[in-house]
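In: Next one to model:
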Amino acid sequence: MERTSNLQHPSLQSNASGWINGLIGVVIFSGSLPATRVAVLEFDPVFLTVARATLAAILALCLLLLFKEKRPARQQLLPLAIVALGVVVGFPLLTALALQYVTSAHSIVFVGLLPLATAVFGVLRGGERPRPVFWVFSVLGSLLVVGFAASQGLTAAPQGDLLMLLAILACGLGYAEGAKLSRTLGGWQVISWALVLALPIMAAVTWWRVPATFANISAPAWLSLGYVSLFSMLIGFVFWYRGLAQGGIAAVGQLQLLQPFFGLALAATLLHEQVSLGMLGVTVAVILCVAGAKKFSR
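Out: Next up, the predicted model:
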């Protein structure tokens with residue numbers, strides 16, 4: 001009995017650590033959209049995207065060199081490129097562009113679809129066959145998001161809503177591909193190598209898009225750039241992928257459902273944006289749909 005207990009203890013401890021690391025990652029990611037909203041008011045969206053990726057890539061390269069990590073195998077380069085396109089370039093750029101048209105509180109409702117997008121790409125990439133009920137929840141959640149956007153005046157800023165939908169698709173693909181790749185390459189190594197892979201292009205575009213002067217950039221904009229560069233782009237992924245590896249992708253991945261709540265709280269407290277009861281209601285409804293889709297995904 002004592003031996004059995006001792007053998008199970010490390011597994012239980014690892015599972016608990018996975019949930020803690022995953023939760024830390026979700027909390028860090030929750031600040032991404034509010035911080036991007038602040039930064040994009042003073043920084044060009046393209047410059048913001050490539051600058052944050054460049055800064056994070058430099059730090060990631062230092063970590064890889066410090067821990068003497070082996071280079072990825074040739075067959076891992078394409079999945080890493082997909083991760084880079086999804087979470088290093090696609091999601092940051094599309095959300096930065098979208099937040100020129102919508103508030104961060106409005107955009108956070110779309111984040112409620114992120115776990116569903118990740119699950120769908122997991123199905124496509126992993127060849128899983130979910131039950132029909134899965135697709136019922138999927139369609140219902142999508143209709144709720146589209147209905148909410150229309151009720152808020154879709155014709156006023158259709159660009160912002162379309163860009164947010166594209167951002168969610170890009171991020172879902174990057175998450176699914178990264179989670180799959182982390183099984184062989186390692187958790188934090190996935191985002192680090194993806195950043196390094198994109199570094200030459202990101203650094204070149206950063207140099208090209210650098211503003212003529214930074215004299216008019218405020219301290220909050222600089223802090224926001226620092227946050228999305230270090231925390232959203234790298235540190236959050238260190239905890240997130242570590243949590244997925246320790247606690248299981250399917251289980252810990254459901255913590256993403258809490259992200260809209262954290263994000264709305266940050267938007268209300270830090271940016272003083274109005275969060276209506278309708279917005280909260282739609283967010284809860286979308287999260288319930290995603291939870292139902294997750295339950296019937298296998």
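In: Work out for me the element residue 260 sits within.
Out: helix 259-270 (DSSP states H and E).
In: Listing request: residues of the protein with sub-threshold pLDDT.
Out: Along the chain, the parts satisfying pLDDT under 70 run over 1-13, 126-128, 149-150, 152-156, 248-251, 297-298.
In: re the thing from before, check which helices and strands the helix holding residue 260 is in contact with.
Out: Packing partners of helix 259-270 (3 or more Cβ pairs under 8 Å, 6 or more residues apart in numbering; DSSP states H and E): helix 2-30, helix 32-40, helix 104-111, helix 277-295. No exception for glycine: its C-beta is placed from N, CA and C like everyone else's.
In: In CSV: those, plus mean neighbour count and distance to residue 202.
Out: Below are the helices and strands packed on helix 259-270 laid out as CSV (neighbours: other Cβ atoms under 10 Å; distance: least, Cβ to Cβ, whole Å):
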stretch, mean neighbour count, distance to residue 202
helix 2-30, 15, 20
helix 32-40, 27, 16
helix 104-111, 26, 23
helix 277-295, 18, 31
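In: Compare the ones you listed and give me the one nearest residue 83.
Out: Nearest to residue 83, of all the helices and strands packed on helix 259-270, is helix 2-30, at 15.4 Å by Cβ to Cβ.
In: Give me the distance between the two termini of stretch 124-135.
Out: 13 Å (Cα to Cα, to the nearest Å).
In: buried residues in that stretch?
Out: Buried residues in stretch 124-135, counted by 16 or more other Cβ atoms under 10 Å: 130, 134.
In: Need the residues that contact that stretch.
Out: With Cβ atoms under 8 Å, 6 or more residues apart in numbering as the contact definition, stretch 124-135 has outside contacts at 122-123, 176-177, 180, 292-293, 296-298.
In: what residues are up against residue 181?
Out: 76, 79-80, 83, 190.
In: Drop anything exposed from these.
Out: In the contacts of residue 181, the ones that pass as buried (16+ other Cβ under 10 Å) are 79-80, 83, 190.
In: who touches stretch 52-71?
Out: Against stretch 52-71 from outside (Cβ under 8 Å, 6+ apart): 88-89, 92, 186, 188-189, 191-193, 195-196, 198-199, 202-203, 206, 225-226, 228-230, 232-234.
In: can I get the contacts of residue 181 in a markdown table with distance to residue 33 and secondary structure?
Out: As requested, the contacts of residue 181 are exported to a markdown table (distance: Cβ to Cβ, whole Å; DSSP: H, G, I helix; E, B strand; the rest coil):
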| residue | distance to residue 33 | secondary structure |
| --- | --- | --- |
| 76 | 30 | helix |
| 79 | 26 | helix |
| 80 | 25 | helix |
| 83 | 20 | helix |
| 190 | 22 | helix |
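In: Same list (those) but as TSV, adding distance to residue 143.
Out: As requested, the contacts of residue 181 are arranged in TSV below (distance: Cβ to Cβ, whole Å):
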residue	distance to residue 143
76	38
79	32
80	35
83	30
190	33
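In: which of those residues sit farthest apart?
Out: The widest separation within the contacts of residue 181, taken as Cβ to Cβ, falls between 76 and 83 and amounts to 10.0 Å.
In: Pull the number of nearby residues for residue 271.
Out: The number of residues packed near residue 271 is 16, by other Cβ atoms under 10 Å.
In: if you go through the stretch 51-200 of the chain in chain order, where are the helices?
Out: 77-83, 91-98, 104-111, 114-126, 132-151, 158-185, 187-209 (DSSP state H, counting those that start in this stretch).
In: can those helices go into TSV with extra columns for distance to residue 262?
Out: Formatted as TSV, the helices of the stretch 51-200 of the chain follow (distance: least, Cβ to Cβ, whole Å):
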stretch	distance to residue 262
helix 77-83	24
helix 91-98	16
helix 104-111	9
helix 114-126	13
helix 132-151	18
helix 158-185	16
helix 187-209	20
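In: right, and the ones you listed - which one's nearest residue 264?
Out: So among those, helix 104-111 is nearest, using Cβ to Cβ, at 5.5 Å.
In: Which elements pack onto that closest one?
Out: The contact analysis (3+ Cβ pairs under 8 Å, 6+ apart) places helix 104-111 against helix 32-40, helix 132-151, helix 158-185, helix 259-270, helix 277-295.
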